[in-house]
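**Q** here is my input, please return the structure:
(chains A and B)
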Amino acid sequence: DAKTTQPNSMESNEEEPVHLPCNHSTISGTDYIHWYRQLPSQGPEYVIHGLTSNVNNRMASLAIAEDRKSSTLILHRATLRDAAVYYCILRYTQGGSEKLVFGKGTKLTVNP
Amino acid sequence: NAGVTQTPKFQVLKTGQSMTLQCAQDMNHEYMSWYRQDPGMGLRLIHYSVGAGITDQGEVPNGYNVSRSTTEDFPLRLLSAAPSQTSVYFCASRRGQGALEQYFGPGTRLTVT
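**A** Here you go, the predicted model:
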């Protein structure tokens, strides 16, 4: 199984940038890197994805290492609403089917 | 669009009972899947479907059945509930197997006593 490693928890202050790291040393050339977040008592929500190049969208930026063995999700200005569990996921193909495997994620606390 | 909807939101079962968790989406997505989430853990894939009439097993399929008779609906059946199936269940959908953004429902919290 494709696996990712993330810190269990991180803390940030409101309006400061947050860098959430993820290691995925077993990534293969065709695996996409996805990030989802889960707010309390809700289902996961898509944040961003990438393959090789850095990516930006309205929610966040994704920085991918040149060897693709690690990536960082960047929230440019954390708000209280960004407090959630953030999952770094590899999307890979196994047996002809594509799968997303969720790890335990990083719980982000945002202090006012 | 309502997105992905799940019913019920909460359910308590006795060991050995059966029930069906309902999932529906109104986005005409081909790919649908079921996950379970246990305390302090990530999501684990139970079953998935790449289109109407086609289903396959995920990481933890034992004790669960699925069918996909329409594009919109993807029910999950618990055949004989066990306490180990106490969990929060999430249904998800995406446009196709290769689509990159997945949409999740609000979840069903199931307790088996």
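
**Q** so how far is stretch B:65-80 off the chain centroid?
**A** Counting by CA atoms, centre = their mean, to the nearest Å, stretch B:65-80 is centred 8 Å from the centre of its parent chain.

**Q** give me the contacts around that stretch.
**A** Stretch B:65-80 is contacted from outside by B:13, B:16-26, B:28-30, B:32-34, B:46-47, B:49, B:51-55, B:63-64, B:85, B:89, B:91, B:93, B:110, using CB atoms under 8 Å, 6 or more residues apart in numbering or on different chains. Backbone N, C-alpha and C define where each C-beta goes, glycine included.

**Q** can you flag the buried ones in those?
**A** Among the contacts of stretch B:65-80, the ones that count as buried by 16 or more other CB atoms under 10 Å in any protein chain shown are B:13, B:19, B:21-25, B:29-30, B:32-34, B:46-47, B:49, B:52, B:55, B:64, B:85, B:89, B:91, B:93, B:110.

**Q** give the buried residues for stretch B:1-17.
**A** Burial within stretch B:1-17, assessed by neighbour count using 16+ other CB under 10 Å, is assigned to B:Val4, B:Gln6, B:Gln11, B:Leu13.

**Q** the first one against B:Gln22, yeah?
**A** What that stands for is B:Val4. No - using CB atoms under 8 Å, B:Val4 and B:Gln22 do not qualify as a contacting pair, with a distance of 11.1 Å.

**Q** where exactly do the strands run in chain B?
**A** B:4-7, B:10-13, B:19-25, B:31-37, B:43-51, B:54-57, B:64-66, B:76-78, B:87-94, B:103-104, B:108-112 (DSSP state E).

**Q** could you dump these into JSON lines with mean pLDDT added?
**A** What follows is those, written out as JSON lines (pLDDT from 0 to 100):
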{"stretch": "strand B:4-7", "mean pLDDT": "97"}
{"stretch": "strand B:10-13", "mean pLDDT": "97"}
{"stretch": "strand B:19-25", "mean pLDDT": "98"}
{"stretch": "strand B:31-37", "mean pLDDT": "94"}
{"stretch": "strand B:43-51", "mean pLDDT": "92"}
{"stretch": "strand B:54-57", "mean pLDDT": "93"}
{"stretch": "strand B:64-66", "mean pLDDT": "97"}
{"stretch": "strand B:76-78", "mean pLDDT": "98"}
{"stretch": "strand B:87-94", "mean pLDDT": "96"}
{"stretch": "strand B:103-104", "mean pLDDT": "94"}
{"stretch": "strand B:108-112", "mean pLDDT": "97"}
